[in-house]
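Engineer: Provide a 3D model corresponding to the input given below.
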Amino acid sequence: MSEIVGFLVGTIGNMGYFGIILLMFLESSFFPFPSEVIMIPAGYLAYTGEMNFILVVIFGILGSLLGSWFNYFLASRYGRKLLLKITKEEKIQKLEEFFEKHGHISTFTGRLIPGLRQYISFPAGLAKMNPLKFSIYTGLGAGIWCVILTLLGYILGENQEMIHKYLKEITIITLILVSILIIGYVYKKKKA
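Structural biologist: Numbering: from 1, shown residues only. Below is the predicted model of the structure:
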């Protein structure tokens, strides 16, 4: 594992901020490429002074937005045709109606959930979620995640054991907070 991290630190160091954008684009599109292996080494490079912490986060968010927009575009352009081959029109309409009402909270929280983060843009694109709202909520969710990962790399550096330990704990805490946010949102909607 330390060899892989060393390779990624070197690659990001050589490619600079463009490397962060490119790799986060891949991470946020449908390619299975975890953000942890990009932003944590970039945070470490910020710690060593080779990169700027704020710029690392900004370019991480930018790459996430670009990858999310790639998925959004694919889904908005081709998603309905593909889904009609495997499911009924009524189910697609229900998804679109759900995203019309709850797309903002779904997009925001989806960006914070491992395994879902890369794919939340597909239903948003299929439902043709408002582009400005999509960008704002994707950017907010991606921004929180980028800050967390960059901080881990900045604070813990090359200590892989501590990174794995705290990454698991942070992921669990994030999932709990997302659950509380969703429960609060559902409760508020039911009262309205």
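Engineer: Need phi/psi at P114.
Structural biologist: Note on P114: its backbone torsions stand at phi -60, psi 140 [degrees, to the nearest 10].
Engineer: ok, it touching T171?
Structural biologist: Yes - using CB atoms under 8 Å, P114 makes contact with T171 at a distance of 6.0 Å. Quick note: C-beta positions are derived from backbone N, CA and C, even for glycine.
Engineer: for this protein, what spans make up the strands?
Structural biologist: Counting by DSSP state E, the chain has no strands at all.
Engineer: which sections of it are below the confidence cut-off?
Structural biologist: The model of the chain has pLDDT under 70 over residues 1-13, 32, 158-167, 192.
Engineer: Name the single longest helix found in it.
Structural biologist: Longest among the helix segments of the chain by residue count, using DSSP state H, is helix 160-191.
Engineer: I'd like the distance from that one to the chain centre, please.
Structural biologist: Averaging C-alpha positions (CA atoms, centre = their mean, to the nearest Å) puts helix 160-191 14 Å from its chain's average.
Engineer: now stretch 133-143
Structural biologist: Centroid separation for stretch 133-143 versus its chain: 9 Å, with CA atoms, centre = their mean.
Engineer: For it, buried residues please.
Structural biologist: The neighbour-count check on stretch 133-143 (16 or more other CB atoms under 10 Å) flags 134-135, 137-143 as buried.
Engineer: Can you tell me which of those residues comes closest to M39?
Structural biologist: M39 lies nearest to A142 out of the buried residues of stretch 133-143, by CB to CB, at 10.2 Å.
Engineer: Check the spacing between the closest residue to that closest one other than its chain neighbours and Y185 real quick.
Structural biologist: Setting aside the residues directly before and after it, A142 is nearest to S64 in space (CB to CB, 6 or more residues apart in numbering), at 3.6 Å. In this view, S64 and Y185 are 22 Å apart by CB to CB, to the nearest Å.
Engineer: As a check, name the ranges of all helices in the chain.
Structural biologist: Along the chain, counting by DSSP H, helices occupy 2-28, 36-48, 53-74, 80-84, 89-110, 121-126, 131-156, 160-191.
Engineer: how about P123, what does it touch?
Structural biologist: For P123, the contact set (CB atoms under 8 Å, 6 or more residues apart in numbering) comprises 75, 95, 99, 106.
Engineer: make that H102, sorry
Structural biologist: H102 touches Y185, counting by CB under 8 Å, 6+ apart.
Engineer: hmm, 7 Å instead?
Structural biologist: For H102, the contact set (CB atoms under 7 Å, 6 or more residues apart in numbering) is empty.
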